[in-house]
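J.: Sequence first, then the predicted structure, then my questions.
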Amino acid sequence: MNTPSLMPFEQALGNMLDTVSAITDKETVELSKALGRILCRPVNSTLDVPGYDNSAMDGYAVRSSEAKKGACLKVIGVAAAGHPYNDEIPANSCVRIMTGAPLPDSVDAMIIQENTEANQDKSGITLLQDVVEGDNIRRRGSDIALGEEVIATGTRLSPVDIGLLASLGIEEVTVYRKPKIAVFSTGDELVAPGGKLKSGQIFDSNRYLLLAMLEKMGVEVINLGRLNDDLDAISQALRDATQSCDAVITSGGVSVGDADFTKTALEQLGSVSFWKVAMKPGKPFAFGKLKNTWFFGLPGNPVAAAVTMEQLTQPVLKHLAGEKHINPESYRAIASEYLKKRPGRADFQRGWYEQDNNGQLKVSSAGSQSSAVLSTLKRANCFIRLEQERGPVNSGEEVTILPFSALLK
Ligand code: AMP
Ligand code: MG
């Protein structure tokens, strides 16, 4: 049954992505500090890579016209990486060449050492195979051509990108400024780890989980601590966050309980776009704005906080940071057991997927699907995403799985 006051997951995400505009401030960083940063203009190659024709293997540089099986060639010099051979090469001669060495003028191929035999007097070699023009040669510009776009705007720079940039001799890159994101948790019952629990109290796990996930995102994080369920204290923290932050993320207090003040504070100080999403876990999720600061009010139940951070907040923060690729990885898998599900909300069940002996992806439940049971998340490696109107899933039916992103690993 569809409850009209709940906003479908896709609509909630689409609404946030349409509303939030990406950061445009830029800064230049050294290559060694650029990992995980978002590129704000494309990188075009100022070089051909490789910069010259060179040898892919160790062996002998030859003229293919002279290099037939059984031919004897005189070895008249050596070319090594960093040490080109620049002299003339007479007829029926070759040059000993090492991997990466520039190919001398007037030769057009190389034969690998294993396909030659040294002559008895050591003056030359006999070829054990025919050689074809271009054999074992890495051509100038064959990897990257001068002017070619190498990395697109909006790319989160990976270790491979850093290596590519280095191969082009680029020592600094222009990236978007990191988003500044404040986090606080609310709840009279919460005690920071290290404290002593009194009756009815629990440790504040959400703030630590969320701070860790944000650290993985590579944003600038501001820890505003734990607040009591107190309208004034929450309002003050929200006002503080608007001074300097691009976004504020809270946990708890966005439901319909008597102590749920976060949404009220947001309504008084800014505006709430929506605060109930048709997803499970994560129904109480509030999105809004306070002056120029975006607000994400995550539910208090730890799994619901983690799921809404991963599935709803992460893509919006990536978009805010200027990143282009924001869609999660997803696959189809076969449910290896019955999965309980009621129509009305999109489920993000905690699951474990693996490949069976035939290469088929199979997924099963990782344990209790209660939004309070954080240990199930520890036993899971994916979310099983079940569509809003879908009912129970029988063993053998196909489902969509979303492997955990880097934020949860
Ligand atoms: P709330 O959304 O504030 O109504 O909280 C829902 C449930 O999540 C309650 O059982 C809270 O005690 C629990 N909870 C709220 N905040 C946290 C937190 N930061 N860490 C762990 N559990 C929490
Ligand atoms: Mg609470």
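T.: Noted; the coordinates are in hand. Residues are numbered from 1 along each chain as shown. Ligands and ions are numbered 1, 2, ... in the order given.
J.: how about the closest residue to residue 134 other than its chain neighbours, phi and psi?
T.: Excluding the flanking residues, the one nearest residue 134 by C-beta to C-beta, 6 or more residues apart in numbering is residue 109, at 6.0 Å. Bear in mind the C-beta positions are built from the backbone N, C-alpha and C, glycine included. Per-residue torsions, residue 109: phi -160, psi 170 (degrees, to the nearest 10).
J.: Secondary structure class of residue 319, three-state.
T.: Look at residue 319: counting by DSSP: H, G, I helix; E, B strand; the rest coil, its state is helix.
J.: If we ignore the residues flanking it in sequence, what's nearest the residue of the chain found nearest ligand 1?
T.: Nearest residue of the chain to ligand 1: residue 300, at 2.3 Å (C-beta to the nearest ligand atom). If the residues on either side of it in the chain are set aside, residue 300 comes closest to residue 252, at 3.4 Å by C-beta to C-beta, 6+ apart.
J.: List phi and psi for residue 10.
T.: Dihedral angles for residue 10 - degrees, to the nearest 10 - are phi -60, psi -40.
J.: What separation do you get for it and residue 254?
T.: Distance, residue 10 to residue 254, by C-beta to C-beta, to the nearest Å: 20 Å.
J.: same thing with residue 368?
T.: 23 Å.
J.: Neighbour count: those two, which is higher?
T.: Set residue 368 next to residue 254 and count neighbours by other C-beta atoms under 10 Å: residue 254 wins out with 28 against 13.
J.: Mind telling me what element the more buried one is part of?
T.: Assigned by DSSP states H and E, residue 254 falls within no helix or strand.
J.: one step back: ok, what's across the strand from the residue nearest to residue 134?
T.: Per DSSP bridges, the residues bridged to residue 109 are residue 62.
J.: Which residues are in contact with it?
T.: By C-beta atoms under 8 Å, 6 or more residues apart in numbering, residue 109 lies in contact with 61-64, 67, 131-137.
J.: Let's see that with 7 Å instead.
T.: 62, 64, 67, 131-137 (C-beta atoms under 7 Å, 6 or more residues apart in numbering).
J.: Can you turn the buried part of those into a ChimeraX selection?
T.: With 16 or more other C-beta atoms under 10 Å as the criterion, this ChimeraX line picks the buried residues out of the contacts of residue 109:
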select :62,64,67,131,135,136,137
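J.: my read: residue 147 touches residue 42, true?
T.: No - using C-beta atoms under 7 Å, residue 147 is not in contact with residue 42; the gap is 11.3 Å.
J.: quick revisit: if we take the contacts of residue 109, which one ends up nearest to residue 151?
T.: Nearest to residue 151 among the contacts of residue 109 is residue 137, at 27.1 Å by C-beta to C-beta.
J.: re earlier: mind giving me a markdown table with the contacts of residue 109 and columns for secondary structure and distance to residue 340?
T.: Formatted as a markdown table, the contacts of residue 109 follow (DSSP: H, G, I helix; E, B strand; the rest coil; distance: C-beta to C-beta, whole Å):
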| residue | secondary structure | distance to residue 340 |
| --- | --- | --- |
| 62 | strand | 70 |
| 64 | helix | 69 |
| 67 | coil | 70 |
| 131 | coil | 67 |
| 132 | coil | 64 |
| 133 | coil | 66 |
| 134 | coil | 62 |
| 135 | coil | 62 |
| 136 | coil | 60 |
| 137 | strand | 62 |
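J.: any chance of the contacts of residue 109 in TSV, plus distance to residue 312 and pLDDT?
T.: Supplementary listing: those in TSV, determined by distance: C-beta to C-beta, whole Å; pLDDT from 0 to 100:
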residue	distance to residue 312	pLDDT
62	62	98
64	61	97
67	63	97
131	60	97
132	57	97
133	58	97
134	53	97
135	55	97
136	52	97
137	52	97
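J.: Ligand 2 contacts on the protein?
T.: Within the chain, the positions adjacent to ligand 2 are 187, 252-253, 300 by C-beta under 5 Å from the ion.
J.: so what secondary structure elements neighbour the top strand by length along the chain?
T.: Longest strand in the chain, counting residues (DSSP state E): strand 346-355. Applying 3 or more C-beta pairs under 7 Å, 6 or more residues apart in numbering; DSSP states H and E, we find strand 346-355 packed against strand 277-280, strand 361-365, helix 374-379, strand 382-386.
J.: closest one to residue 72 among those?
T.: Closest among these, once you apply C-beta to C-beta, is strand 361-365, at 57.6 Å.
J.: So which residues of the stretch 151-300 of the chain form strands?
T.: Applying DSSP state E, counting those that start in this stretch to the stretch 151-300 of the chain gives strands spanning 172-176, 180-186, 190-191, 202-203, 220-227, 247-251, 271-274, 277-280, 286-290, 293-298.
J.: Point out the most buried one among these.
T.: strand 247-251 (a mean of 28; mean count of other C-beta atoms under 10 Å).
J.: Rounded mean pLDDT for that strand, please.
T.: Strand 247-251 carries an average pLDDT of 97.
J.: who touches it?
T.: Residues outside strand 247-251 that contact it (C-beta under 7 Å, 6+ apart) are 179, 181-186, 206-207, 210, 238, 241, 262, 293-298, 300, 305, 313, 317, 320.
J.: what do you get for stretch 329-343?
T.: Contacts of stretch 329-343 (C-beta under 7 Å, 6+ apart): 1, 347, 349, 353, 360-365, 384, 386, 389-403.
J.: can you list the weak-confidence ranges in this structure?
T.: 1-4 (pLDDT under 70).
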